[in-house]
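Novice: sequence-free structure coming up:
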């Protein structure tokens, strides 16, 4: 099917059929959500129409929610028929903060062919409204900024029944701000309690706890308290008890935990959560208890904790190791406990491994610090800098073309005289990966300035033919 062929999804109820989804090509030609199917066919001849499958859509959304539960937050739930909601408090630092977290999420899902909008705010209601009615792909509402962000949005964002929305519009109410300014008693008398409840939820006046998705495959243990607890020592004691129970369940199934979530239910009907991730599947109660107890300072018990739930959201088979009877055995130091501690503090740990590529920035990739050796080795014989820039930085040079190294380099405003140089090492473009690199060339030089600092520089192009490169100079790395 051609990529520019307009496609719509048709939903039906009885004899009524309407457009429930449309791709960019269809929207560009004037189709919109809610349009009658017969009218859509009249607007676009040969329109491709696909019948909606609500059951399949719901199953796909649940799979996406379960994936987000494992990857992003301990508290994730389905939000309506087209979204998911996450409580990311205490989890966003593991992704580099809110901005990096949601932009990374959107980019990842876009790469899977999905059209996504994401919002972070103080309330579920506000995030729900913004993602559906604001055109920006990502939105971060500052703490305390919900009112300003939602007052101008239409009332349809309040998750109210259609007949209530219609009744409010008959009264001339169009926006959240206009509705919130009206006296509460007449609204309640005419429309019931739901209008006031939704307003309070979107503005954060009442809590709207997220009931996280749970499946039979998830291993979970919990503890209810007759008297609410709040002291750090008491919390630590019951974390230890829950970990022992969880480990016993995992042992029954032959599993080890890779990611566990501790969900705290407070007496004010709000939740908090902390997450512990591990590099390898583990069933050691002491190790898991330490990782969770290290995060107790993040837990605010408020007026008290009435329930604690510990969930193993990511598990893997755990093979028992056989102890050898050898009298001489090499001592193997396991550094994964240290890696787990640092990783749960928000440190991004990785190892570098070679990749079969002559282009320097493509010749290395990040892998897990405990990943198995890939068996790859550095193929080049020329020296490589200990510090390779992610993006080469343009420099100003004085050089004799076409094949001589620079005699003066100006980088970040500092002029350096070059006293020694070695090269060139010619690297060609990888035309089998990118056709535009068919003629691309780089000439690399190792140069040393008067201070003894050694730089790795290159000229884009062969110095003669502009089709091989711009002939500008770049600094790509520094030798230690």
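Specialist: In hand now; what should we look at? Just so you know, these numbers come straight off a predicted model, no measurement behind them.
Novice: what sits against residue 57?
Specialist: Residue 57 makes contact with residue 81, according to Cβ atoms under 8 Å, 6 or more residues apart in numbering. To be clear about C-beta, it is placed using only N, CA and C from the backbone, and glycine gets the same treatment.
Novice: A strand includes it, no?
Specialist: No: counting by DSSP: H, G, I helix; E, B strand; the rest coil, residue 57 is not found in a strand; it is helix.
Novice: what distance do you get for it to residue 206?
Specialist: Distance of residue 57 to residue 206, given as Cβ to Cβ, to the nearest Å: 30 Å.
Novice: start to end distance for stretch 199-209?
Specialist: Stretch 199-209 has an end-to-end distance of 15 Å (Cα to Cα, to the nearest Å).
Novice: compute the first-to-last residue distance for stretch 119-135.
Specialist: Using Cα to Cα, first and last residues of stretch 119-135 are 11 Å apart.
Novice: where does the prediction get shaky in the stretch 151-300 of the chain?
Specialist: Residue ranges of the stretch 151-300 of the chain with pLDDT under 70: none are present.
Novice: in it, mark out all the helices, start to finish.
Specialist: 162-170, 176-180, 184-191, 194-203, 232-253, 285-293 (DSSP state H, counting those that start in this stretch).
Novice: quick one: closest of those helices to residue 448.
Specialist: helix 285-293 (47.1 Å; Cβ to Cβ).
Novice: and stretch 87-107, end to end?
Specialist: Start to finish, the residues bounding stretch 87-107 are 20 Å apart (Cα to Cα).
Novice: that stretch: how far from the chain's middle?
Specialist: What separates the centre of stretch 87-107 from the centre of its chain is 6 Å, taken as Cα atoms, centre = their mean, to the nearest Å.
Novice: tally up the residues packed near the closest residue to residue 459 other than its chain neighbours, please.
Specialist: In this structure, residue 459 finds its nearest non-sequential neighbour in residue 443, 4.9 Å apart by Cβ to Cβ, 6 or more residues apart in numbering. Using other Cβ atoms under 10 Å, the number of residues around residue 443 comes to 23.
Novice: export the helices of the stretch 151-300 of the chain to CSV and tack on mean neighbour count?
Specialist: Shown next, in CSV, are the helices of the stretch 151-300 of the chain (neighbours: other Cβ atoms under 10 Å):
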stretch, mean neighbour count
helix 162-170, 13
helix 176-180, 19
helix 184-191, 13
helix 194-203, 20
helix 232-253, 16
helix 285-293, 19
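Novice: now render those as a markdown table, adding distance to residue 212.
Specialist: Shown next, in a markdown table, are these (distance: least, Cβ to Cβ, whole Å):
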| stretch | distance to residue 212 |
| --- | --- |
| helix 162-170 | 28 |
| helix 176-180 | 27 |
| helix 184-191 | 31 |
| helix 194-203 | 18 |
| helix 232-253 | 16 |
| helix 285-293 | 17 |
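Novice: of these, which is nearest residue 434?
Specialist: helix 285-293 (43.3 Å).
Novice: so what sits opposite the closest residue in space to residue 318 that isn't next to it in sequence in the bridge?
Specialist: Nearest non-adjacent residue to residue 318, counting by Cβ to Cβ, 6+ apart: residue 256, 3.3 Å away. For residue 256, the beta-bridge partners are residue 316 (DSSP bridges).
Novice: equivalent analysis for residue 79, please.
Specialist: With DSSP bridges as the criterion, residue 79 is bridged to residue 83.
Novice: ok, now how distant is it from residue 223?
Specialist: Noted for residue 79: a distance of 29 Å to residue 223, by Cβ to Cβ.
Novice: which among the helices of the stretch 151-300 of the chain is found nearest to residue 465?
Specialist: Closest to residue 465 of these, according to Cβ to Cβ: helix 285-293, at 58.1 Å.
Novice: taking the centroid of the protein, which residue is nearest it?
Specialist: With distances taken as Cα atoms, centre = their mean, residue 105 lies nearest the centre of the chain, 3.5 Å away.
Novice: first-to-last residue distance for stretch 48-58?
Specialist: Length of stretch 48-58, first residue to last, Cα to Cα: 23 Å.
Novice: kindly apply the preceding question to stretch 141-157 instead.
Specialist: End-to-end distance (Cα to Cα), stretch 141-157: 16 Å.
Novice: over to stretch 163-178?
Specialist: Stretch 163-178 has an end-to-end distance of 18 Å (criterion: Cα to Cα).
Novice: settle it for me: which of residue 79 and residue 223 has more neighbours?
Specialist: For residue 79 versus residue 223, neighbours defined as other Cβ under 10 Å are more numerous around residue 79 (19 against 16).
Novice: and the more buried one, what does it touch?
Specialist: Residues near residue 79 by Cβ under 8 Å, 6+ apart: 85, 124, 128.
Novice: so how far is residue 106 from it?
Specialist: 16 Å.
Novice: swap in residue 95?
Specialist: For residue 95, the distance to residue 106 - Cβ to Cβ - is 12 Å.
Novice: the two: who's more crowded?
Specialist: Each of residue 95 and residue 106 has its neighbours counted (other Cβ under 10 Å); residue 95 has more, 20 against 17.
Novice: hmm, residue 73 and that one touching each other?
Specialist: No: assessed by Cβ atoms under 8 Å, residue 95 is found out of contact with residue 73, at 9.8 Å.
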